[in-house]
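Visitor: Got a sequence here, can you build the structure:
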Amino acid sequence: MNYFNLFLALLFCLFAAVQLNDPDPWEWVAMYGFVAIVSAFAAFGRYHSYLLYLGVAVVLIWMATLAPDFIHWVKMGMPTITGSMKAESPHVELTREFLGLLLCGLALGWHWRRMRV
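Guide: Residues are numbered from 1 along each chain as shown. You can find the predicted model right below:
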């Protein structure tokens, strides 16, 4: 059993649980839950390539829809997005969503790389 993958599974379960009080929880619970399930299977040495490809494709497409807002935030000089838990302006929420997807993409990329070894 790979303990790092088990840690990722638990971490993404916590990410999914925190999303339940968000205005748009279900798409995020599904995304974080998906990564948690992939990580749990990986902890026991079970990789499913078609699920990894599907997950990476979803993350990349979703990130592409948020990329203009993320780039706009960078051009603004990267003002704080952690001032409060409530997003006062659209760039705060959209930047947080982009970064959340980046975390999902990194985790799925980790699994894809481990699957190929």
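
Visitor: what's the burial count for residue 43?
Guide: Counted by other C-beta atoms under 10 Å, the residues lying close to residue 43 total 18. Placement of C-beta: from N, CA and C, glycine included.

Visitor: Which parts of the chain are helices?
Guide: With DSSP state H as the definition, the chain shows helices at residue ranges 3-18, 25-43, 49-75, 90-116.

Visitor: Which of the ones you listed has the highest mean neighbour count?
Guide: helix 25-43 (a mean of 19; mean count of other C-beta atoms under 10 Å).

Visitor: Tell me which other helices or strands it touches.
Guide: The helices and strands touching helix 25-43, judged by 3 or more C-beta pairs under 8 Å, 6 or more residues apart in numbering; DSSP states H and E, are helix 3-18, helix 49-75, helix 90-116.

Visitor: and the closest residue to residue 92 other than its chain neighbours, what does it touch?
Guide: Closest residue in space to residue 92, ignoring its immediate chain neighbours: residue 81 at 4.9 Å, by C-beta to C-beta, 6 or more residues apart in numbering. Taking C-beta atoms under 8 Å, 6 or more residues apart in numbering as the contact definition, residue 81 lies against 73, 91, 92, 95, 96.
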